[in-house]
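Participant: this one's structure only:
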């Protein structure tokens, strides 16, 4: 197979400025939701884990939570594969809630999972 045949078999997707702006807006919304959901402290994460259901910040819907969940899953895979030492506080810090123990990242994922479950039940 030559280069021309190889190129013809691939579906090249052009990443445009519009695509970048959309991705930026999506990631900013995820970050805003994360901040509103558990804040910037371990205490905020622990508070949400102790609540019967997570406090849902106003202005966000189920799609936002699913997008945040996908983003957290991607971060988890990336960190596990490439950046173990860079993300070590996020991965190794342990939070105990009752008999359950979570890393900080697992706790954030659990809060989002519970929020999704709650929103789906409405």
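Facilitator: Done, it's in. Fair warning: this is a prediction, and the values are worked out from it, not measured in the lab.
Participant: residue ranges for the strands of this protein, please.
Facilitator: Applying DSSP state E to the chain gives strands spanning 94-97, 100-103.
Participant: what would these look like in CSV with distance to residue 2, mean neighbour count and mean pLDDT?
Facilitator: Glycine gets a C-beta too; all of them are placed from N, C-alpha and C. Output for the strands of the chain, formatted as CSV (distance: least, Cβ to Cβ, whole Å; neighbours: other Cβ atoms under 10 Å; pLDDT from 0 to 100):
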stretch, distance to residue 2, mean neighbour count, mean pLDDT
strand 94-97, 55, 13, 88
strand 100-103, 49, 14, 90
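Participant: Any idea which of those strands gets closest to residue 22?
Facilitator: Across these, residue 22 has its closest neighbour in strand 100-103 (31.1 Å, Cβ to Cβ).
Participant: chain center to the closest one, what's the gap?
Facilitator: 17 Å (Cα atoms, centre = their mean, to the nearest Å).
Participant: elements contacting that strand?
Facilitator: helix 88-92, strand 94-97 (3 or more Cβ pairs under 8 Å, 6 or more residues apart in numbering; DSSP states H and E).
Participant: Strand partners (parallel or antiparallel) of it?
Facilitator: Here strand 100-103 has these sheet partners by DSSP bridges: strand 94-97 (antiparallel).
Participant: OK, contacts around residue 62?
Facilitator: 116, 119-120 (Cβ atoms under 8 Å, 6 or more residues apart in numbering).
Participant: Just the buried ones among those residues, please.
Facilitator: 116, 119 (16 or more other Cβ atoms under 10 Å).
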